[in-house]
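> curious how this folds, go ahead:
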Amino acid sequence: MRLGFHIGYWSSGPPPGAQESVLAAERLGYESVWSAEAYGSDCLTPLAWWGAATSRVTLGTNILQMSARTPTATAMAALTLDHLSGGRFVLGLGASGPQVVEGWYGQRYPRPLARTREYIAIVRKVLAREEPVSFDGEFYRLPVDGGAGLGKPLRSTVHPRRADLPIYLAAEGPKNVALAAEIADGWLPLFFSPKTDAFYREALAEGFARPGARRTPEDFRVQASLPVLVDDDVERAADRVRPFLALYVGGMGAKDANFHNQVFVRMGREAECARIQELYLEGRKKEAVAAVPTAMVEDVALVGPKDKIRAELAAWEETVVDTILVQGDSRGLEAVADALS
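Modelled structure (predicted):
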């Protein structure tokens, strides 16, 4: 089991001690550092800023939201960061959800899988730099139709450091997970639990079996985000994760279109999810947080004393996950490093 550190996205401002944690991760032998974005901080600027102080760790986006940038703009950022980091960049992409895509970015959300397929195809064309980029898709057309009528296919002025720069796909539902196995170099699961390992193995196998699949199970990466909170008091540690779960299960999506909610439903938490969502959407957020049971936290997080965390890590080593992306403070980084040393 390999280790990465997931900084995440900002809440009301920069997370305190972020650069110190990034440097601690590199010192502790972590393989990678990841950043995220939702509808506040972007994922590229913090990664470049804090990553500039490192020399070894891989720097990845987990995730860069596709609707935030055109495919060519994303490819430009990937080319740039890969050069600046000395070939240490990994591009993690995700479709996000309809509330953010349509409400924040002003883009249409329907058929995210088809859009993802086209998006990644264009990014790969830019990175390959084999010819001027043109694309005749349902969602993306280069050059664009209409306008001044003067657009023409262009090729990046920058030569890629790596034409095969890794592209990972964030996914939660079985169809999107299968798509990741088919067209990407890795999968970035959110709210993975050892108890759902068989479900996801089946979805991945479907993607690997498709004609033209890019990777095999042997060279495909699965890097899962995992909150780790070290505390002698399990409930106190779980309290630090509950607001995060309540937000995603209850409020990060409409009532009938919350993909995060469905992840926990598949774990057998349908009743808990319904109650959390009901409270959250009614504006009773504190009650929604309190309604997250500790067992539900423990499905997707490691909380409590170091010995408990060490014991529970064993279940993760039996899953399809090859890398744990630790979310937490320096104590969590140290605890997981110690447990796997």
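> where does this protein dip in pLDDT?
Scanning the chain for pLDDT under 70 picks out no residues.
> quick one, domains of it?
The chain breaks down by automatic domain parsing into domains covering 2-228+301-340, 242-300.
> tell me which of those domains lies nearest to residue 236.
domain 2-228+301-340 (8.8 Å; Cβ to Cβ). From N, CA and C alone the C-beta is placed, and that goes for glycine too.
> is residue 186 in a bridge, and if so with what?
According to DSSP bridges, the residues that bridge with residue 186 are residue 168, residue 221.
> tally of neighbours for it?
22 (other Cβ atoms under 10 Å).
> how much space between it and residue 32?
Plainly put, residue 186 is 11 Å away from residue 32 if you go by Cβ to Cβ, to the nearest Å.
> shared neighbours of these two, which are they?
Taking Cβ atoms under 8 Å, 6 or more residues apart in numbering as the criterion, residue 186 and residue 32 both touch 90, 223.
> turn the domains of the chain into JSON lines, including distance to residue 235.
Listed next are the domains of the chain as JSON lines, based on distance: least, Cβ to Cβ, whole Å:
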{"stretch": "domain 2-228+301-340", "distance to residue 235": "9"}
{"stretch": "domain 242-300", "distance to residue 235": "6"}
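> which ones are touching residue 249?
Contacts for residue 249 (Cβ under 8 Å, 6+ apart) come out as 258, 260-261, 264, 273, 276-277, 280, 292.
> let's go with 7 Å and repeat that
260-261, 264, 273, 276-277 (Cβ atoms under 7 Å, 6 or more residues apart in numbering).
> in the stretch 151-300 of the chain, which spans are strands?
For the stretch 151-300 of the chain, applying DSSP state E, counting those that start in this stretch gives strands covering 167-170, 186-188, 221-230.
> tell me the helices and strands packed up against the first one.
Counting contacts by 3 or more Cβ pairs under 7 Å, 6 or more residues apart in numbering; DSSP states H and E, the secondary-structure elements packed against strand 167-170 are strand 89-94, helix 112-128, strand 186-188.
> verify the contact between residue 99 and residue 253 for me.
Yes: counting by Cβ atoms under 7 Å, residue 253 is a contact partner of residue 99 at 6.1 Å.
> between these two, tell me which one has more neighbours.
Counted by other Cβ under 10 Å, residue 99 and residue 253 do not tie: residue 253 has more neighbours, with 20 against 16.
> the closest residue to that one other than its chain neighbours: how many residues sit nearby?
Nearest non-adjacent residue to residue 253, counting by Cβ to Cβ, 6 or more residues apart in numbering: residue 97, 5.1 Å away. A total of 20 residues lie near residue 97 under the criterion other Cβ under 10 Å.
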